[in-house]
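**Student:** what follows is a predicted protein model with its sequence.
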There are 4 protein chains.
Amino acid sequence: MNDFLNYFSLNVDLAVEARDIVRGKSNIEVSGVEEEVENLENIDITTITIMNEEAASVMGKPMGTYVTIESPPLKINNPYVKEEIITAMSKSLTNMVPNIAPDSTILLVGLGNWHATPDALGPKFIEYSPITRHYHQYAPQALVEGMRPSCGIAPGVLGVTGLETFEVIKGIVEKVNPAMIVVVDALAAQNVDRIGTTIQMSNTGIQPGAGIGNNRHALNQEGLGVPVIAIGCPTIVNAAVIANQAIKNFCLDSGAMYNENQSTEAIKTTLSHFGGSLSVTPKEIDDIVENTSRIMAMGVGHFLFPGISTEQLELYAI
Amino acid sequence: MNDFLNYFSLNVDLAVEARDIVRGKSNIEVSGVEEEVENLENIDITTITIMNEEAASVMGKPMGTYVTIESPPLKINNPYVKEEIITAMSKSLTNMVPNIAPDSTILLVGLGNWHATPDALGPKFIEYSPITRHYHQYAPQALVEGMRPSCGIAPGVLGVTGLETFEVIKGIVEKVNPAMIVVVDALAAQNVDRIGTTIQMSNTGIQPGAGIGNNRHALNQEGLGVPVIAIGCPTIVNAAVIANQAIKNFCLDSGAMYNENQSTEAIKTTLSHFGGSLSVTPKEIDDIVENTSRIMAMGVGHFLFPGISTEQLELYAI
Amino acid sequence: MNDFLNYFSLNVDLAVEARDIVRGKSNIEVSGVEEEVENLENIDITTITIMNEEAASVMGKPMGTYVTIESPPLKINNPYVKEEIITAMSKSLTNMVPNIAPDSTILLVGLGNWHATPDALGPKFIEYSPITRHYHQYAPQALVEGMRPSCGIAPGVLGVTGLETFEVIKGIVEKVNPAMIVVVDALAAQNVDRIGTTIQMSNTGIQPGAGIGNNRHALNQEGLGVPVIAIGCPTIVNAAVIANQAIKNFCLDSGAMYNENQSTEAIKTTLSHFGGSLSVTPKEIDDIVENTSRIMAMGVGHFLFPGISTEQLELYAI
Amino acid sequence: MNDFLNYFSLNVDLAVEARDIVRGKSNIEVSGVEEEVENLENIDITTITIMNEEAASVMGKPMGTYVTIESPPLKINNPYVKEEIITAMSKSLTNMVPNIAPDSTILLVGLGNWHATPDALGPKFIEYSPITRHYHQYAPQALVEGMRPSCGIAPGVLGVTGLETFEVIKGIVEKVNPAMIVVVDALAAQNVDRIGTTIQMSNTGIQPGAGIGNNRHALNQEGLGVPVIAIGCPTIVNAAVIANQAIKNFCLDSGAMYNENQSTEAIKTTLSHFGGSLSVTPKEIDDIVENTSRIMAMGVGHFLFPGISTEQLELYAI
């Protein structure tokens, strides 16, 4: 499978998918990787902990805790399920992060490109997030008792700004001195069913190149000097992944023998106009991004501002 | 192949694809279907004419002329290729339509949903199209000599407005009495390579259900009482199409036997969370829609307003 | 004062302002005009009824009932006041309209231009309004028991579409046969304080030219054949109005003699680059339009769908 | 007049207006302020140089050169005038700035709020500007020979991000080390005629509080350590300014005696609901911002990339 992933330059953004790939058909537990599953009414919560560097290397993801909320109805606009997810996010984040002083400053970062719908999840998250830091300095009376300072930026993407995200965020961190950073980004899934239905939260930050090699420019504690929570939701999938899954299913049904190299070749031919690689997104992506970014903003909002109602938090968003 | 199309509810929007499907492997010419190909520097132009009702039934598309401009670089922002496409569109449209008085009113219709990026092609076409009808009544001095009256509407989609497109357009046609209607819509392709690279123009209008059965609500001459030119560009593809193509390629490479039923079953399983059907679009869809809608607006603009420069026409757009 | 209005081509859109202008300094009740005021906690409701054609001619507005909700905090994003306004709108509309069968179809029309912020109130109203007509035909099970069919369109403006609004709406009405039409539009105020703080509802429809002369193209019962409710909120004011008010106040303070002709001349000079006329809007207009269009959509929503919660109604908006 | 400005908290953003105010009726040249006027076909160019600190204090603006391009047709979409303005901007900027190595990096900053139309000038400027820095590192072959590295950011506003603009920009400057910064912002005018018709360019950067007092957080060479070009175009005017102008004209016409205190009082009363201060913008502001931001992006583009055509530069914008 790794050849397949490499050939199509596929990042495995979700820890639950990395686990499945590593386990493969054998389905043996990965050493140094702990897992806990909680099934609630409408959602399932899986907590994967990568305990040591060896496990990190096997999983292709940095050490740390990854909490995944899965809820097929997430992409439906169901107010009741929304509440359940928001509560689960807030609770999981509270458990995941080290103790942070209740009056410390938090920096929210929305990665991605405003001008590309499936990549606008991060910027939209910022738009819907409660921002309070300026009130602390200029209008403290406008705050609800106990609200901490929060600030937020959507730095854009290299192809639009000509600036590396790390350059922008590192610069801001040095001026603002936040106690923690929450980074939100759109993810790629290895399974089309996960688009708009899965939210992953981890305490590892975001490392370009899946944690291997150069760490200097990673949006994590090592790179930025403060704890970094990374939150994401898949909005795209590589067409090769869909095709490969279909070929596997075809082999299973028809008794033909699946062979990864031959599948890779067949998909290369199929997607030859795209250099063999094509990221796709459902045609309903505008709604999916709108819906999930709002839910994520409220999940993070309740984590950062415990005891404040959703209605009140919304008054501090744009 | 028709079972496959039926199972996944696939419309074959492009005549060049319908022809390929009908021909199948045999590659025998379809009786009653004429075809002409012109290769220019950066673009290929294929003209398919469906000559009689029998051929229409075989092709699953109404009688008439379908001109397809194919240009892989269309989705790249290349000014020179743009000009070539705009000129080809204008010329093809001029050849395709019956003689229309140079001072007659034209109604432009941009189908689709503003709020769903891959479906916003039609509304964006309207935004970039020159609109002049109001000047004729209120400020004729603001027109360049010889400009005809043009008007345009993006009626939205049933799921957003609660109104059938036909109801809205028929109502307007009865009030405005245009001499011709140009309808622009986003299409679905049977081949992912066509997204953003192919423009189809036909003199058949648009018929829901591929021309079979109820014609009362079709956006065509029968339904609307005036000639209707339909123009489209693929922006989505069904994931089943990509998967099926990959399975075929896999069978070819591996020597396994392709079987359409088994392929259909395998894809059904792969896409089970989507009821077996999932329309996808490249993640760069925002740029593709922006670029193609502008080109189509100018192609139609030069057809409607011969002798007026692009720069001048743009002054009459929003 | 009428010379002033005429000179600067000022429409008096609000009945409460027309009344003030007619009364003038004398402050005598206008014959044939009845008025009732209700003061609630955060809002004042004024109901003006123009009883006969003579009064209509004096007021420069058609016969009928005009309910005005005034609430300075409307433009503040205060959830409690919002609820009060929504309830008041719903109640006033219920009182104002003739009995309409609970299962009859309602057409919502959002006048104005998407691409001009102060004029986008109507289109945004449609975006936030519950639309159900298509569910009645295609998915009745998705409706809450008792929901009537509603449909909605934002026809754009003449300068963008080349189509008269009346042409578009009349055409749709003939196809859809609604039992009632609700038209929402951005208004001009004669007092800058009213921008974003006043909502007017009337059962008169909307008549270009203030009800005088040609009625054929009016969006009212005479023109469209069904009852038309008109709802509006001021988003612009003519700069001449601000200037004239300031000149009056200056004369009062300084003892100089106010003279309308001289004031008109002075303002003409001041605004000479704009042909003496300049419509302005506060720089916060994006927020004002966003906020008031949402409130209006919910006020109308509760009127059309009694007994359905705001949260549920929002599920039927885009 | 200064009392009037103070009372309504009016910033005099344009040097040509500061000069008029300082000169007052006497119309005597201000010591230490030099001025040069050039009249071209469709535009006038005024260069004001504030030579010393004393003149800076009198003018309320920092020492430096201010070039103002005035062109009433700027707000009209006239392609020919556009070209003239773009050329004049490029030439003025070239004259104004110190010699900068042709391969040095330039940082573009678009101040203001995406979500408030009259304040979106800066962010839109960034959107239309050519950005090349990332190509230098990752795809130099995609650059035209001789293109320098440019990068750009729209940092948002304090009320939306909770971050001081200075914090964001200073952080980025420390990472990117640009040789020069170009900051674009929407301005307030003292004369409504200037909205969308005037472009000011200066080599002084932008200093909050008009150059008086705390300079630590100024977007200028002192604060950021590199030369800062500031470019702006008025998009708003205080309603008090229009009213005061009208009162003056009224006094002139009617023979009443103008008195600034009484005028201030009258305007305070007129605008009492807005705390005596109300910034307004023409209702056509969406078009004005769109048009001027494009022109400014091309004016700066030709300055930064001499010899590259507008058409080519546009390929490097978003």
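**Tutor:** Now that the structure is in, tell me what you want to look at.
**Student:** please report how far the residue of the stretch 151-300 of chain A found nearest chain C lies from B:Glu284.
**Tutor:** Using Cβ to the nearest Cβ, the single residue of the stretch 151-300 of chain A nearest to chain C is A:Asp287, 8.8 Å away. C-beta coordinates here come from the backbone N, C-alpha and C atoms, glycine included. Separation of A:Asp287 from B:Glu284 (Cβ to Cβ, to the nearest Å): 19 Å.
**Student:** go on, A:Leu252?
**Tutor:** From A:Leu252 over to B:Glu284 the distance is 33 Å, taken as Cβ to Cβ.
**Student:** more neighbours: which of these two?
**Tutor:** Set side by side, A:Leu252 and B:Glu284 show more neighbours around B:Glu284, with 19 against 14, by other Cβ atoms under 10 Å in any protein chain shown.
**Student:** mind pulling the model confidence for the residue nearest to the more buried one when sequence neighbours are not counted?
**Tutor:** Spatial nearest neighbour of B:Glu284, chain neighbours left out: A:Ala116 (6.8 Å); criterion: Cβ to Cβ, 6 or more residues apart in numbering or on different chains. On the pLDDT scale, A:Ala116 is placed at 95.
**Student:** touching, A:Ala116 and B:Asp286? I think so.
**Tutor:** Yes - the pair A:Ala116 / B:Asp286 is scored as a contact, 5.2 Å apart, by Cβ atoms under 8 Å.
**Student:** shouldn't A:Cys233 be within a strand?
**Tutor:** Yes - the assignment for A:Cys233 by DSSP: H, G, I helix; E, B strand; the rest coil puts it in a strand.
**Student:** specify the beta-bridge partners of it.
**Tutor:** Here A:Cys233 sits in beta bridges with A:Ala186, going by DSSP bridges.
**Student:** what's the burial count for it?
**Tutor:** Neighbours of A:Cys233 using other Cβ under 10 Å come to 31.
**Student:** where do the helices of the stretch 1-150 of chain A begin and end?
**Tutor:** A:2-7, A:15-23, A:53-59, A:79-96, A:121-128, A:133-138 (DSSP state H, counting those that start in this stretch).
**Student:** quick check: which of these is buried the most?
**Tutor:** helix A:121-128 (a mean of 26; mean count of other Cβ atoms under 10 Å in any protein chain shown).
**Student:** so is it next to chain C?
**Tutor:** No - applying Cβ under 8 Å from any Cβ of the partner chain, one finds helix A:121-128 out of contact with chain C, separated by at least 12.4 Å.
**Student:** check stretch A:309-318 too.
**Tutor:** Yes - for stretch A:309-318, a contact with chain C is found by Cβ under 8 Å from any Cβ, at A:311, A:315.
**Student:** can you tell me the SS state at A:Ala256?
**Tutor:** coil.
**Student:** give the contact list for it.
**Tutor:** A:250, B:251, B:254, B:256-257 (Cβ atoms under 8 Å, 6 or more residues apart in numbering or on different chains).
**Student:** top of these by number of neighbours, please.
**Tutor:** For the contacts of A:Ala256, counting by other Cβ under 10 Å, the largest number of neighbours falls to A:Phe250: 31 neighbours.
**Student:** isn't it up against B:Phe250?
**Tutor:** Yes - using Cβ under 8 Å, A:Phe250 is in contact with B:Phe250, at 7.4 Å.
**Student:** would you mind measuring from the residue of chain A positioned farthest from its centre to chain B?
**Tutor:** Most distant from the centre of chain A: A:Gly255, at 37.3 Å, with distances by Cα atoms, centre = their mean. From A:Gly255 across to chain B, the span is 9 Å (Cβ to the nearest Cβ, to the nearest Å).
**Student:** now A:Ala55
**Tutor:** 30 Å.
**Student:** ok, and the closest non-adjacent residue to that residue?
**Tutor:** Leaving aside its sequence neighbours, A:Ala55 sits nearest to A:Gly32 (Cβ to Cβ, 6+ apart; 3.0 Å).
**Student:** in the stretch 51-200 of chain A, which residue sits nearest chain D?
**Tutor:** Counting by Cβ to the nearest Cβ, the stretch 51-200 of chain A gets nearest chain D through A:Gly171, at 2.4 Å.
**Student:** what strand or helix carries that residue?
**Tutor:** Assigning secondary structure by DSSP states H and E places A:Gly171 in helix A:165-176.
**Student:** run the angle between that helix and helix D:165-176 for me.
**Tutor:** 130 degrees (axes from the mean of the first three to the mean of the last three Cα atoms, to 10 degrees).
**Student:** buried residues, helix A:165-176. List them.
**Tutor:** For helix A:165-176, the buried set under the neighbour-count rule, 16 or more other Cβ atoms under 10 Å in any protein chain shown, comprises A:165-173, A:175-176.
**Student:** report the distance from it to the chain centre.
**Tutor:** 20 Å (Cα atoms, centre = their mean, to the nearest Å).
**Student:** then stretch A:167-185?
**Tutor:** Relative to its chain's centre, stretch A:167-185 lies at 17 Å (Cα atoms, centre = their mean).
**Student:** same thing with stretch A:18-28?
**Tutor:** For stretch A:18-28, the distance to the chain centre is 21 Å (Cα atoms, centre = their mean).
**Student:** how long is it end to end?
**Tutor:** 13 Å (Cα to Cα, to the nearest Å).
**Student:** tell me the mean pLDDT over it?
**Tutor:** In the prediction, stretch A:18-28 has an average pLDDT of 81.
**Student:** tell me, how many residues neighbour A:Asn42?
**Tutor:** 17.
**Student:** relative to A:Phe125, how far out is the residue lying closest to it once chain neighbours are set aside?
**Tutor:** Leaving out its chain neighbours, the residue that sits closest to A:Asn42 by Cβ to Cβ, 6+ apart is A:Val81, at 4.7 Å. Counting by Cβ to Cβ, the gap from A:Val81 to A:Phe125 is 19 Å.
**Student:** how much space between A:Gly225 and chain D?
**Tutor:** Counting by Cβ to the nearest Cβ - A:Gly225 and chain D are separated by 13 Å.
**Student:** apart from its neighbours in sequence, what residue is nearest that residue?
**Tutor:** That would be A:Val173: by Cβ to Cβ, 6+ apart, it lies 6.8 Å from A:Gly225.
**Student:** related to what we said a few turns ago, ok, the residue nearest to B:Glu284 - how many residues close by?
**Tutor:** Quick note: A:Ala116 (other Cβ under 10 Å) scores 22 neighbours.
**Student:** now it: phi and psi?
**Tutor:** phi -130, psi 110 (degrees, to the nearest 10).
**Student:** and it, what does it touch?
**Tutor:** B:283-287 are the contacts of A:Ala116 under Cβ under 8 Å, 6+ apart.
**Student:** tell me how far it lies from chain C.
**Tutor:** In terms of Cβ to the nearest Cβ, A:Ala116 sits 21 Å off from chain C.
**Student:** chain center to stretch A:152-162, what's the gap?
**Tutor:** On Cα atoms, centre = their mean, the centre of stretch A:152-162 falls 17 Å from that of its chain.
**Student:** try stretch A:244-251
**Tutor:** 27 Å.
**Student:** contact partners of that stretch?
**Tutor:** By Cβ under 8 Å, 6+ apart, stretch A:244-251 touches A:4, A:191, A:256-258, A:263-264, A:266-267, B:243-244, B:246-247, B:250, B:256, B:262-263, B:265-267, B:269-270.
**Student:** now do stretch A:151-160
**Tutor:** By Cβ under 8 Å, 6+ apart, stretch A:151-160 touches A:105-115, A:119, A:122-123, A:126-127, A:129, A:131, A:133-134, A:161, A:163-165, A:168-169, A:172, A:176, A:178, D:131, D:134, D:153-156, D:161-163, D:168, D:318.
**Student:** likewise for stretch A:124-140?
**Tutor:** A:105, A:108-110, A:142-143, A:147-154, A:184, A:289-290, A:293-294, A:296-298, A:300-301, A:304-305, A:313-318, D:158-163.
**Student:** which residue is the nearest non-sequential neighbour of A:Ser129?
**Tutor:** Going by Cβ to Cβ, 6+ apart, A:Ser129 has A:Ala297 as its nearest residue, at 4.5 Å.
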